[in-house]
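Undergrad: Provide a 3D model corresponding to the input given below.
(2 chains)
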Amino acid sequence: MANTVLIDLIYLAASVLFILGIRGLTHPRTAVRGNLLGAAGMLLAVVATLADNQVFGSGTFGLGVILAGIVLGSAIGATFALKIQMTAMPEMVALLNAFGGGASALVAGAVFVGTTSTTQALIAIAVSGIIGSVTFTGSLVAFDKLRGLLLPDAPVTFPGQQPLNLFLGFIALGCGVWMVIDPSTTNSYIAIVAIGSVLGVLLTISIGGADMPVAIALLNSYSGLAAASTGFVLSNNILIITGSLVGASGIILTRIMCKAMNRSLVNVLVGAIAATNSTKTDADSIYEGRIKSTSAEEVAMLLDTAKRVVIVPGYGLAVSQAQHQLRDLATLLESRGVEIEYAIHPVAGRMPGHMNVLLAEADVDYDKLKEMDTINPTFGQTDISIVIGANDIVNPDARTNPDSPISGMPILDVDKSTSVIVIKRSLSPGFAGIPNPLFAADNTLMLFGDAKKAVLDLATAVKESA
Amino acid sequence: MEAFIPLLTIFMLAVFVGFEIITKVPPLLHTPLMSGSNAISGITMIGAMLSSASSNRVTVILGFAALVLATINVVGGFMVTNRMLSMFRKRD
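TA: Numbers count the residues shown, from 1 in each chain, chains lettered A, B, ... in the order given. Down below sits the predicted model:
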């Protein structure tokens, strides 16, 4: 008895450490310490569980299994964490989401098989099974799309997809009811997991590549909710507390991402932006005769007289891994007295905060990474904006053209700076599939090419112009 | 049912605590927030450990699989978050 009370108290301490840990993330200065607090909380919780009678009293075999699982998982996790490239962080988070969901569904299954459960636990097992398996396969699909392995980047939709999803949801719910009424067979749980897995795939294939920030944030939330429902299965407070923290975090991020695209969550989930092709404006009529292609030398001359330059990174920067070259160029310009700042759109890249991590990796001071609302009023006093591998997030149509599919989406107002340099491979449209009038604007120069090569050329040209 | 109410209470309060703190996390740190929250949601490890210690063979197998996945989340999540966060520096 004393043992249980002590363990519960340690769990409480661990929960507090998790909360303090997340609070540490509210500032970059305290963030590393916050993360360590969270890790310490986890260590406490694991050690306390090892001391639990059920675990400790399970004999050498039981403890051996646990030790083996921890060693194996730690080795795999550490390898991932050390090997992963910063540009591949969205994939890493997608995988972690998958594992979290998978673990919850497995634990719920294990409890269902191993013990006779109360009605409350049975309901929680069914919920864990559904959310866990949806999260597992949904995150694997997201991972696949981000890596570009099997599935296309574009939304995969087919007629009747939504009714089918709804139907599967109801069937899964029905199986849950079946499980609660007749817990003697495991078939009901297997059915729940099978249907949940199919549903996870169907719900995620309809989400397009550039909408991945929303999908990843939402799946993050699901993995938290799955952990919380596993807490209800085990009547364990720390799982409930932690799961709901993570669930809340995912929901908040999802909401921020949706707002940054001026789209509803439903609209993102059904991949509806692909369906707006009918309103597509003719690209030729916008671009014809108005595109001014430039060279690195010409841009270097412009930069020679610039006092303030704003850099706008997009997914193209991550694809060509140009962050280090970009930082070198910025340092060079700064050494000549140019003021440099970076404008970060909330949905730039493939996950929330993606661009910040890339630039931090390249040793860019975080004070120079500016949020959209902070930097937008300053474009009027900016001599040159350099857009690298971004498209829809700088499309002025969002502001001015009420018929545009992205109308109302908050954008970075780069068109208000004196000159705009767009580094891009071609005039191909961004994810929204629409032309960008910015490229044809009077104050815009296009520097065609791969981001890394273009930035390197630019740096060379700036050095030579001195 | 009386066991359920305290759990639900904890759940609701924790959701509110989560909303309060997480809205204060700046967009700058949203990626580490996601990887870090994945790490702590690896708390499922605890449930997996309890199942791994069962006498039922199927439960042990499921528990072991869950334990490996959850530990990957915990170790991978904390380590990669630490790696990312240590890159966020201010130079004077």
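Undergrad: mind checking pLDDT for the spatially most central residue of chain B?
TA: In chain B, the residue lying closest to the centroid (Cα atoms, centre = their mean) is residue B:41, at 1.5 Å. Per-residue confidence (pLDDT) for residue B:41: 94.
Undergrad: Return the distance of it relative to residue A:395.
TA: Going from residue B:41 to residue A:395 by Cβ to Cβ, to the nearest Å gives 36 Å. The C-beta positions use only the backbone N, C-alpha and C, and glycine is treated the same way.
Undergrad: ditto for residue B:33
TA: For residue B:33, the distance to residue A:395 - Cβ to Cβ - is 28 Å.
Undergrad: Over to residue A:55?
TA: 57 Å.
Undergrad: In terms of neighbours, single out the busier of the two.
TA: residue A:395 (27 against 20; other Cβ atoms under 10 Å in any protein chain shown).
Undergrad: Just the local confidence number for residue A:2, please.
TA: 55.
Undergrad: hang on, I meant residue A:277
TA: pLDDT, read off for residue A:277, is 47.
Undergrad: for the one 3 residues further on, same thing?
TA: As predicted, residue A:280 sits at a pLDDT of 51.
Undergrad: next one: residue A:232
TA: pLDDT, residue A:232: 95.
Undergrad: my read: it touches residue A:240, true?
TA: Yes. Residue A:232 lies in contact with residue A:240 (Cβ atoms under 8 Å); the separation is 6.7 Å.
Undergrad: where do the contact lists of the two overlap?
TA: Here residue A:232 and residue A:240 have B:7, B:11 as joint contacts, going by Cβ atoms under 8 Å, 6 or more residues apart in numbering or on different chains.
Undergrad: what mean pLDDT does stretch A:92-100 have?
TA: For stretch A:92-100, the mean confidence score works out to 96.
Undergrad: Likewise for stretch A:434-448?
TA: 92.
Undergrad: ok, now stretch A:215-228?
TA: Across stretch A:215-228, pLDDT averages out at 94.
Undergrad: so does that stretch get close to chain B?
TA: Yes. Stretch A:215-228 is in contact with chain B by Cβ under 8 Å from any Cβ of the partner chain, via A:216-217, A:220, A:223-224, A:226-228.
Undergrad: Leaving out chain neighbours, which residue sits closest to the residue of chain A found nearest chain B?
TA: Distances between chain A and chain B by Cβ to the nearest Cβ are smallest at residue A:73, namely 2.5 Å. Spatial nearest neighbour of residue A:73, chain neighbours left out: residue B:71 (2.5 Å); criterion: Cβ to Cβ, 6 or more residues apart in numbering or on different chains.
Undergrad: I'd say that neighbour and residue A:77 touch.
TA: Yes. Judged on Cβ under 8 Å, residue B:71 makes contact with residue A:77 at a distance of 6.3 Å.
Undergrad: Pull out the buried residues from stretch A:72-84.
TA: A:73-74, A:76-78, A:80-81, A:84 (16 or more other Cβ atoms under 10 Å in any protein chain shown).
Undergrad: swap that for stretch A:145-153, sorry
TA: Judged by neighbour count (16+ other Cβ under 10 Å), stretch A:145-153 contains these buried residues: A:145-146, A:151.
Undergrad: From those residues, pick the one nearest residue B:26.
TA: residue A:146 (24.0 Å; Cβ to Cβ).
Undergrad: What about whatever residue of chain B ends up closest to chain A, how many residues nearby?
TA: With Cβ to the nearest Cβ as the measure, residue B:71 is the residue of chain B nearest to chain A, at 2.5 Å. By the criterion of other Cβ under 10 Å, residue B:71 has 27 neighbours.
Undergrad: Equivalent analysis for the one 3 residues further on, please.
TA: The local packing count at residue B:74 equals 30, with neighbours defined by other Cβ under 10 Å.
Undergrad: Point out the other helices and strands that the helix or strand containing it packs with.
TA: If you go by DSSP states H and E, residue B:74 is part of helix B:57-85. In terms of contacts (3 or more Cβ pairs under 8 Å, 6 or more residues apart in numbering or on different chains; DSSP states H and E), helix B:57-85 is packed against helix A:28-50, helix A:59-83, helix A:89-114, helix B:30-41, helix B:44-52.
Undergrad: Any stretches of the chain with poor pLDDT?
TA: Assuming you mean chain A. For chain A, the stretches with pLDDT under 70 are A:1-2, A:271-282, A:466.
Undergrad: ah, I was thinking of chain B
TA: B:1-2, B:91-92.
Undergrad: circling back: can I get the buried residues of stretch A:145-153 in JSON lines including distance to residue B:60 and secondary structure?
TA: Conversion of the buried residues of stretch A:145-153 to JSON lines gives the following (distance: Cβ to Cβ, whole Å; DSSP: H, G, I helix; E, B strand; the rest coil):
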{"residue": "A:145", "distance to residue B:60": "35", "secondary structure": "helix"}
{"residue": "A:146", "distance to residue B:60": "34", "secondary structure": "helix"}
{"residue": "A:151", "distance to residue B:60": "35", "secondary structure": "coil"}
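Undergrad: Contacts only, for residue A:349.
TA: Shown in contact with residue A:349 (Cβ under 8 Å, 6+ apart): A:90, A:213, A:313-315, A:318, A:355, A:358.
Undergrad: Now do the same for it: helix, strand or coil?
TA: Here residue A:349 is recorded as coil under DSSP: H, G, I helix; E, B strand; the rest coil.
Undergrad: Angles on the backbone of it, please.
TA: Phi and psi for residue A:349, reported as degrees, to the nearest 10, are phi 90, psi -160.
Undergrad: still on that earlier bit, identify those among the contacts of residue A:349 that sit within strands.
TA: residue A:313 (DSSP state E).
Undergrad: Pull out the buried residues from stretch A:451-462.
TA: Going by neighbour count (16+ other Cβ under 10 Å), the buried part of stretch A:451-462 is A:451-452, A:454-459, A:461-462.
Undergrad: Equivalent analysis for stretch A:153-173, please.
TA: By neighbour count on 16+ other Cβ under 10 Å, the buried set for stretch A:153-173 is A:154-157, A:161, A:165, A:168-169, A:172.
Undergrad: ditto for stretch A:423-430
TA: By 16+ other Cβ under 10 Å, the buried positions in stretch A:423-430 come out as A:423-424, A:427, A:430.
Undergrad: Repeat that for stretch A:168-188.
TA: For stretch A:168-188, a neighbour-count test (16+ other Cβ under 10 Å) marks A:168-169, A:172, A:175-176, A:178-180, A:183, A:188 as buried.
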